[in-house]
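>>> Provided below are the primary sequence and the corresponding predicted coordinates.
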Amino acid sequence: MITLYFHPLSNPSLYPLFVASAAGLEVERQSIDLSVQEQKSDSFLKVNPFGRVPALVDGDFALGESASIARYLARTSGGDIYSEDIREAALIDQWVDFVAHHIRVNVARINYNRFIAPMIGVEPDQASVDLGIRLLGENLPHLEVALDHDGHLHGERLTLADLALVAAFEPEKVAQIDLSAAPVTTAWLKKMRQQDWYTNVHSHYGAELGL
């Protein structure tokens with residue numbers, strides 16, 4: 001059986017969990033305690049020498065990095081959340097990359113400083129929050145257009161791109177991210193969080209830790 005190593009507050013970790021759920025793959029979830037640096041332990045470094053979550057083990061095969069793990073799971077499942085057509089796969093990858101570089105990274109800036117930093121006793125960096133808010137605001141219109149067109153980032157079916165976007169926005173509420181300027185995206189996220197592939201992972205962000 002495939003084992004996925006994750007942390008419930010790591011939205012990159014949640015991406016492959018959503019993919020496995022949407023693809024109908026049975027996986028074993030192994031939570032890694034980041035608060036005690038378990039990801040840097042000798043045993044975990046044998047799984048992922050980068051010392052980060054997520055990570056995957058499938059028999060004698062190990063893999064790190066969320067996007068690579070997501071593609072591996074999608075291909076393993078043989079389902080239609082990815083594509084065997086090289087051009088369609090590239091278009092899906094384009095959105096996955098857009099989400100990673102322009103959405104998730106800016107959500108992470110805001111989330112770290114508003115939610116994680118106070119939790120671990122680190123002084124928040126307001127300049128980083130302001131940058132995240134500004135850059136997120138510049139990129140939300142692209143999501144509004146795409147999601148308003150047919151309800152998905154690519155094509156007329158759920159793909160890796162959509163799953164990446166949901167994972168990217170997981171800390172939305174705890175980080176107090178204002179999405180009022182993006183009503184289409186807001187309504188879409190609410191709908192996605194009601195789907196079985198989402199609720200089979202958790203009811204909401206941080207539910208595993210009692211948030």
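In hand now; what should we look at?

>>> Who are the contact partners of the most centrally placed residue in the chain?
The C-alpha lying nearest the average C-alpha coordinate of the chain belongs to Ala167 (Cα atoms, centre = their mean; 2.9 Å). For Ala167, the contact set (Cβ atoms under 8 Å, 6 or more residues apart in numbering) comprises 11-12, 14-15, 18, 66, 104. Using the backbone N, CA and C atoms, a C-beta is placed for each residue, glycine as well.

>>> go on, Pro183?
Glu144.

>>> Now do the domain split for the protein, please.
2-79, 86-198 (automatic domain parsing).

>>> coming back round to it: helices - which of the contacts of Ala167 land there?
Counting by DSSP state H, the part of the contacts of Ala167 found in helices is 11-12, 14-15, 18, 66.

>>> Most neighbours out of these, which is it?
Tyr15 (29 neighbours; other Cβ atoms under 10 Å).

>>> Which element, helix or strand, includes the closest residue to that residue other than its chain neighbours?
The shortest distance from Tyr15 to any residue other than its chain neighbours is 3.8 Å, reached at Ala167 (Cβ to Cβ, 6 or more residues apart in numbering). Assignment of secondary structure by DSSP states H and E places Ala167 within helix 160-168.

>>> So which residues make contact with stretch 52-63?
Applying Cβ under 8 Å, 6+ apart, the contact partners of stretch 52-63 are 2-7, 10, 12-13, 15-17, 32, 34, 39, 44, 47-48, 64-66, 69, 72-73, 76.

>>> So for it, first residue to last residue, what's the gap.
11 Å (Cα to Cα, to the nearest Å).

>>> about what we covered before: of the contacts of stretch 52-63, grab the buried ones for ChimeraX.
If you want just the buried ones from the contacts of stretch 52-63 in ChimeraX, going by 16 or more other Cβ atoms under 10 Å, the selection is:
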select :2,4,5,6,7,10,12,13,15,16,17,32,34,39,44,47,48,64,65,66,69,72,73
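
>>> Mind telling me the two of the ones in helices among the contacts of Ala167 farthest from one another?
For the ones in helices among the contacts of Ala167, the farthest-apart pair by Cβ to Cβ is Pro12 and Phe18; their separation is 11.2 Å.

>>> the inter-axis angle of the longest helix anywhere in the chain versus helix 160-168?
If you go by DSSP H, the chain has its longest helix at helix 126-150. Calculated by axes from the mean of the first three to the mean of the last three Cα atoms, to 10 degrees, helix 126-150 forms an angle of 140 degrees with helix 160-168.

>>> Contacts made by helix 126-150 with the rest, please.
95, 98, 102-103, 106-110, 112-114, 152-153, 156, 165, 177, 179, 181-185, 188.
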